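# got a structure for you, letters missing:
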């Protein structure tokens with residue numbers, strides 16, 4: 001499924017936020033952008049430790065260290081029958097390892113004041129730590145043992161399985177999640193992303209402990225691993241810790257490749273009729289790949305459209321508390337339209353008008369500059385923590401093929417012109433595949449055929 005499902009272990013989790021400009025950016029006064037480059041205290045390097053690819057951003061500005069270990073592949077490593085197996089394995093590893101049996105994993109992590117969290121999404125699974133410099137070595141030892149030697153005792157696996165099954169069932173009852181699942185199913189027909197990285201109740205129920213152990217032996221290999229560390233830690237220490245732990249795992253033969261492109265199949269609509277007062281509309285379209293210059297241009301175009309939708313739908317007419325044009329950041333970007341409203345037809349007419357305006361008229365240069373300044377400011381604010389920076393570096397390395405693309409983002413953003421915005425809006429923001437969750441009697445389906 002398209003959106004990452006994050007599984008909380010402890011107080012924090014590995015977040016993968018989608019960066020968008022403020023929805024009201026075009027109506028705000030210019031805001032002076034934060035510095036365009038990383039602080040002088042930060043130096044980023046990439047190196048290999050016995051088969052494990054490591055990106056280290058050494059930042060001496062504080063004592064906090066974030067280390068995220070990404071197991072690349074995501075949905076392409078699973079099948080419909082075992083969907084959720086990697087998420088289940090990582091979640092169960094919290095309940096005992098070879099060096100930290102049973103509850104001692106959680107107890108030791110809590111004693112250190114650290115957190116270890118996991119994430120499962122379409123492109124990777126991840127386990128990450130958040131610690132201070134004085135506890136980094138000890139926290140790493142716990143994380144590494146969870147990756148290398150989870151106990152996977154049947155009773156503890158059942159507890160983890162119940163957590164995932166409960167989460168899957170709860171998502172099905174929430175209209176927002178239901179709309180997202182429907183929209184995903186339309187966008188990713190016959191595509192690996194059609195599989196849920198966190199599994200379904202049926203697939204999770206069928207996974208045995210023997211399958212978990214076999215999967216661990218076959219798939220937890222260093223060729224799938226990308227380790228991103230951000231914080232006040234030296235390269236020699238990272239190399240020592242990695243070499244003595246996860247680098248001892250089998251090499252394997254995995255090689256990351258971009259996922260297959262999303263097929264262009266034209267407009268589509270899926271409706272889930274529910275007797276609820278608020279109706280949920282979500283539409284997706286495939287965008288350019290991350291290495292295409294249109295990737296950033298579409299990101300800007302959706303931000304412009306979001307600002308206009310916010311002004312017209314929410315501020316002026318009070319027809320929704322949540323409306324936006326989405327941009328989902330991945331190897332192939334995704335554009336979207338989303339709204340929750342009691343009057344879907346009125347909102348859809350406004351959305352169609354604003355989208356048409358974006359596609360046919362040129363954005364004012366001054367307004368675009370203000371938007372870019374706001375975008376840059378929010379980008380830095382949302383990526384000021386070490387954990388956020390680790391995710392930015394990982395996405396750049398995996399999606400764009402170069403972690404340094406993260407530092408080039410500001411330059412790419414400022415090269416986007418008003419003509420680029422209009423062009424990509426025409427090229428990509430069309431033939432939407434819509435999901436509708438709500439009162440079907442309130443929807444004029446012909447309106448969705450206009451997008």
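Okay, I see it. Fair warning: this is a prediction, and the values are worked out from it, not measured in the lab. Residues are numbered from 1 along each chain as shown.

# what sits up against the longest helix anywhere in the chain?
Scanning the chain for the helix with the most residues, using DSSP state H, yields helix 154-173. Outside helix 154-173, the residues within contact range by Cβ atoms under 8 Å, 6 or more residues apart in numbering are 5, 7, 84, 87-88, 91-92, 94-96, 102, 177-178, 181, 196, 198-201, 204-205, 207, 209, 212. Just so you know, the C-beta spots here come from the backbone N, C-alpha and C atoms, and that holds for glycine as well.

# quick one: the strands in this protein?
5-7, 42-49, 52-59, 64-72, 115-120, 124-132, 225-231, 268-273, 279-289, 322-328, 332-341, 433-438 (DSSP state E).

# quick one: buried residues of stretch 267-279?
Neighbour-count burial for stretch 267-279 flags 267, 268, 269, 270, 278, 279 (criterion: 16 or more other Cβ atoms under 10 Å).

# residue 113 touches residue 129, doesn't it?
No: checked against Cβ atoms under 8 Å, the pair residue 113 and residue 129 is beyond contact range at 11.6 Å.

# okay, these two: which has more neighbours?
Neighbour count, other Cβ atoms under 10 Å: between residue 113 and residue 129, residue 129 has more, with 28 against 13.

# tell me who's in contact with the more buried one.
65, 66, 67, 114, 115, 116, 136, 139, 140, 142, 143.

# returning to what we had before: filter the contacts of helix 154-173 to the buried ones?
Looks like those have 5, 7, 84, 87-88, 91-92, 94-96, 177-178, 181, 196, 198-201, 204, 207, 209, 212 buried, using 16+ other Cβ under 10 Å.

# quick one, phi psi at residue 102?
Here is the backbone geometry of residue 102 (degrees, to the nearest 10): phi 50, psi -130.

# quick one: contacts for it?
Here residue 102 is in contact with 95, 96, 151, 156 (Cβ under 8 Å, 6+ apart).

# can you pull the pLDDT of residue 378?
The model reports residue 378 with a pLDDT of 76.

# what is the neighbour count of residue 214?
Based on other Cβ under 10 Å, the number of other residues close to residue 214 is 12.

# contacting residues around the closest residue in space to residue 149 that isn't next to it in sequence?
Excluding its sequence neighbours, the residue lying closest to residue 149 (Cβ to Cβ, 6 or more residues apart in numbering) is residue 98, at 3.7 Å. Residue 98 makes contact with 145, 148, 149, 151 under the criterion Cβ under 8 Å, 6+ apart.

# any low-confidence regions in this protein?
1-41 (pLDDT under 70).

# could you chop it up by domain?
As assigned by automatic domain parsing, the chain contains the domains 5-248, 268-448.

# out of those domains, nearest to residue 260?
domain 5-248 (6.6 Å; Cβ to Cβ).

# now find how far off-centre that closest one is within its chain.
Distance of domain 5-248 from the chain centroid (Cα atoms, centre = their mean, to the nearest Å) equals 11 Å.

# rewinding a little: and which of the buried residues of stretch 267-279 is nearest to residue 338?
For these, the nearest to residue 338 is residue 279 (11.8 Å; Cβ to Cβ).

# state the distance from that closest one to residue 178.
Using Cβ to Cβ, to the nearest Å, residue 279 is found at 12 Å from residue 178.

# swap in residue 396?
Counting by Cβ to Cβ, the gap from residue 396 to residue 178 is 32 Å.

# picking up where we left off before, can you mark which positions in the longest helix of the chain are buried?
Buried, per 16+ other Cβ under 10 Å, within helix 154-173: 156, 157, 160, 161, 163, 164, 165, 167, 168, 171.

# before we move on, the earlier item: what is the most widely separated pair among the contacts of residue 129?
Longest span within the contacts of residue 129, Cβ to Cβ: 66 and 142, 15.0 Å.

# list the contacts of residue 52.
222, 225, 227, 242, 246, 247.

# would you turn those residues into CSV with distance to residue 320 and neighbour count?
CSV is the format used below for the contacts of residue 52 (distance: Cβ to Cβ, whole Å; neighbours: other Cβ atoms under 10 Å):
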residue, distance to residue 320, neighbour count
222, 48, 21
225, 43, 24
227, 42, 23
242, 48, 26
246, 47, 23
247, 51, 20
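
# of these, closest to residue 318?
Of the contacts of residue 52, the one sitting nearest to residue 318 (Cβ to Cβ) turns out to be residue 227, at 47.9 Å.

# okay, and the beta partners of the closest one?
With DSSP bridges as the criterion, residue 227 is bridged to residue 54, residue 69.

# that one contacts residue 66, correct?
No: here residue 227 lies out of contact with residue 66, judged by Cβ under 8 Å, at a distance of 11.2 Å.

# which residues do the two both contact?
Counting by Cβ under 8 Å, 6+ apart, nothing touches both residue 227 and residue 66.

# could I get the buried residue list for stretch 307-321?
So for stretch 307-321, counting by 16+ other Cβ under 10 Å, buried means 307, 308, 309, 310, 311, 312, 313, 314, 319, 320.

# out of the residues you listed, which are inside helices?
307, 308, 309.

# do you know how far the last one is from residue 301?
Read that as residue 309. 12 Å.

# joint contacts of those two?
Common neighbours of residue 309 and residue 301 (Cβ under 8 Å, 6+ apart) are residue 325.

# quick revisit: closest to residue 122 out of the contacts of residue 98?
Of these, the one sitting nearest to residue 122 (Cβ to Cβ) turns out to be residue 148, at 25.1 Å.
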